[in-house]
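Trainee: Sequence and computational prediction follow.
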Amino acid sequence: MPELHHNERLIINQLLDQSLFTSTIQSGMTNRTKEAIQALKRPQVQQRVNTYLRDLVGVVPENYQENLVFLFGQPQLAPETVHLLLATLKTVINLPEMQPGAERIVATQTIVRLVHSEVVALDEREILRQLNDLFVDRFKLFIPDTPEIQSSEITQEVTEFWDVSPDFNYVAQCIVDYLQQQRQKPVLTADQKVNRALLIQQFIGRQTQPDLWQTLQEHRDRIAEQWRQLQRFDLEIGNDYALLLDTTRQPVTARAFVVAIAVAQQLGVGVPTDQLNDLIRQITPTVIGKNQVNPTEVKKALLANSLVVEAHGFYSPTVLVQRFDVATKDEEGALHATE
């Protein structure tokens, strides 16, 4: 595999983080991002990006006028979220505010209300939450915009707006094409199956995924080198697990994470979903004393750090729980990785 250049690494890493790489240069962009946008116009750069991702996981980004979409990875979209996604694309494209010459500033509630008229299975609160997750936090196609108000207007209701990306229409075409392509299941190599598992769930367990574990043992140097190309991932291989460590993530020291470790270690073979909050409340004082932590944040930490899997109404621990010890003497809790 040829060595990636810095522009190609930036493009691929952004695709992994945001699922999108858009072509319009905007204020606030770093010089490196601007340089990568210009580099993507060159066919050889597009080819190297495609070759790397095809070799890694067996699929390539959808490209429409140098706007890339790569929805593969974590988190994967549930069917109802795909419905909401497509409804939002159609809704926004047809808004008067999105016509040529318009400012592309849309009232948040307008989009929520119009999407809800098509996605009736979700209430407006859930639609707003998912729109924020997808279009604000993940894709960054909507930028929150709250108008300035005078002090005398402080008691008035403030209307929230979204500034819509100038590349929205191009990205919408990419997303539709990408979703259509994903209906065709590619034939994957053994290495690609391993890399998909690492990208989606960040780890492989020897007991739970013996076939992938065997492939990893046989090709560990080659697979580790593939991830090393991006200059952000380290592949840690223990006796019972392999973990894809992202060096760009900040070390986690929050109380919710500390409690999540302790909870995962007490799950045994698993607990029913409706009993998890009680277990969190029971364990929390033994880890952080009188300090408080929201059970919802603990559940997020359990899933985000691959400490548990949720399936069939149960939360079950993963092999990664073995990496940590939790000290209960310190009021804040203390963590260290174990070999």
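Mentor: Okay, I see it.
Trainee: which element is the nearest residue to Q266 once chain neighbours are set aside on?
Mentor: Spatial nearest neighbour of Q266, chain neighbours left out: I283 (6.0 Å); criterion: CB to CB, 6 or more residues apart in numbering. C-beta: built from backbone N, CA, C; applies to glycine. For I283, the host element (DSSP states H and E) is helix 276-288.
Trainee: try P186
Mentor: Following DSSP H and E, there is no helix or strand that holds P186.
Trainee: Backbone dihedrals for it, both of them.
Mentor: Main-chain dihedrals, P186, degrees, to the nearest 10: phi -70, psi 150.
Trainee: cool, V164 as well?
Mentor: The phi/psi pair for V164 (degrees, to the nearest 10) is phi -90, psi 130.
Trainee: Tell me the pLDDT of I149.
Mentor: Looking at I149, its pLDDT is 52.
Trainee: For the nearest residue to F139 once chain neighbours are set aside, give me its contacts.
Mentor: Nearest non-adjacent residue to F139, counting by CB to CB, 6+ apart: L20, 5.3 Å away. Under the criterion of CB atoms under 8 Å, 6 or more residues apart in numbering, the contact partners of L20 comprise Q14, N67, L68, V69, F70, F139, K140, L141, V171.
Trainee: export these to JSON lines and tack on secondary structure and pLDDT?
Mentor: Formatted as JSON lines, the contacts of L20 follow (DSSP: H, G, I helix; E, B strand; the rest coil; pLDDT from 0 to 100):
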{"residue": "Q14", "secondary structure": "helix", "pLDDT": "95"}
{"residue": "N67", "secondary structure": "strand", "pLDDT": "93"}
{"residue": "L68", "secondary structure": "strand", "pLDDT": "94"}
{"residue": "V69", "secondary structure": "strand", "pLDDT": "92"}
{"residue": "F70", "secondary structure": "coil", "pLDDT": "92"}
{"residue": "F139", "secondary structure": "coil", "pLDDT": "92"}
{"residue": "K140", "secondary structure": "coil", "pLDDT": "92"}
{"residue": "L141", "secondary structure": "coil", "pLDDT": "94"}
{"residue": "V171", "secondary structure": "helix", "pLDDT": "93"}
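Trainee: what about the closest residue to E103 other than its chain neighbours, distance to F168?
Mentor: Computed as CB to CB, 6+ apart, the closest residue to E103 that is not its neighbour in sequence is E97, at 6.8 Å. Shown here: E97 relative to F168, a distance of 11 Å by CB to CB, to the nearest Å.
Trainee: what touches both of the two?
Mentor: R104.
Trainee: Who has more neighbours out of the two?
Mentor: Ranked by neighbour count (other CB atoms under 10 Å), E97 and F168 place F168 first, with 20 against 16.
Trainee: how near is that one to P144?
Mentor: 15 Å.
Trainee: can you pull out the helices in this structure?
Mentor: Remark: helices assigned in the chain by DSSP state H are 6-18, 31-39, 43-57, 79-93, 108-118, 124-131, 168-181, 190-201, 210-218, 220-228, 255-265, 276-288, 295-304.
Trainee: out of those helices, nearest to E160?
Mentor: Taking CB to CB, helix 108-118 is the member of the helices of the chain nearest to E160, at 4.4 Å.
Trainee: So which bits of the closest one are buried?
Mentor: Using 16 or more other CB atoms under 10 Å as the test for burial, helix 108-118 gives T108, T110, I111, V112, L114, V115, H116.
Trainee: Wait, the fourth one touches E124, no?
Mentor: Going back to what we said before, that points to V112. Yes - the pair V112 / E124 is scored as a contact, 5.2 Å apart, by CB atoms under 8 Å.
Trainee: Could you pull up the residues touching I175?
Mentor: E62, V69, L71, L85, L86, L89.
Trainee: Can you pull out the low-pLDDT segments for the stretch 101-250 of the chain?
Mentor: 147-159, 182-183, 250 (pLDDT under 70).
Trainee: what about 80?
Mentor: By pLDDT under 80, the low-scoring segments of the stretch 101-250 of the chain are 146-159, 180-185, 249-250.
Trainee: related to what we said a few turns ago, go through the helices of the chain and pick out the most buried.
Mentor: When these are scored by mean count of other CB atoms under 10 Å, the highest mean neighbour count falls to helix 255-265 (a mean of 24).
Trainee: Near the residue lying closest to P186 once chain neighbours are set aside, how many other residues are there?
Mentor: Leaving aside its sequence neighbours, P186 sits nearest to G58 (CB to CB, 6+ apart; 4.7 Å). Per other CB under 10 Å, the neighbour tally for G58 reads 18.
Trainee: Find me the pLDDT at G58, would you?
Mentor: At G58, the pLDDT value in this model is 92.
Trainee: Pretty sure T189 is one of the things it touches, is it not?
Mentor: Yes - if you go by CB under 8 Å, G58 and T189 touch, sitting 7.4 Å apart.
Trainee: can I assume the residue nearest to Q266 is in contact with V259?
Mentor: Yes - using CB under 8 Å, I283 is in contact with V259, at 6.6 Å.
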